[in-house]
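# coordinates only, sequence not included:
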């Protein structure tokens, strides 16, 4: 269950990271409310997960999910570059996330 919560925390990190773009420097009310709400959920879930998992593992996986997911949203939704080099780097981050899960004792 703790791993599911960590994945959810990472997914909410994607939401708030992408949401930051739409707040326009926190000048737009509803995008700001959604972004701050996603931040609260993401950090709250991460804090709960850290009661069980080692901080290094949990934080790396949380940020990795956020980084990979946000980069993919940028490519798919925002038309950012999908160069082979960029995709390879995203793939290496994803491989690191899987690797940390596989070697974790929890």
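Yep, that arrived. Owing to the predicted nature of the structure, the values given are computational and were not obtained by experimental measurement.
# going forward, measure contacts between C-alpha atoms and count neighbours the same way
OK.
# Give me the buried positions along stretch 72-90.
Residues of stretch 72-90 classed as buried by neighbour count (16 or more other C-alpha atoms under 10 Å): 72-73, 87, 90.
# Return the distance of that stretch from the chain's centre.
Chain-centre distance of stretch 72-90: 15 Å, with C-alpha atoms, centre = their mean, to the nearest Å.
# which residues of the protein fall in helices?
2-23, 29-49, 55-76, 84-103 (DSSP state H).
# Counting by contacts, list what the third one packs against.
The reference is to helix 55-76. Helices and strands touching helix 55-76, by 3 or more C-alpha pairs under 8 Å, 6 or more residues apart in numbering; DSSP states H and E, are helix 2-23, helix 29-49, helix 84-103.
# Next: the shortest one.
Where contact means 3+ C-alpha pairs under 8 Å, 6+ apart, helix 84-103 is packed against helix 55-76.
# any idea of the angle the helix it packs on forms with helix 29-49?
Between helix 55-76 and helix 29-49, the angle comes out at 150 degrees (axes from the mean of the first three to the mean of the last three C-alpha atoms, to 10 degrees).
# follow-up on the earlier one: need the helices of the chain in TSV (columns: mean pLDDT).
Below are the helices of the chain laid out as TSV (pLDDT from 0 to 100):
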stretch	mean pLDDT
helix 2-23	97
helix 29-49	98
helix 55-76	96
helix 84-103	94
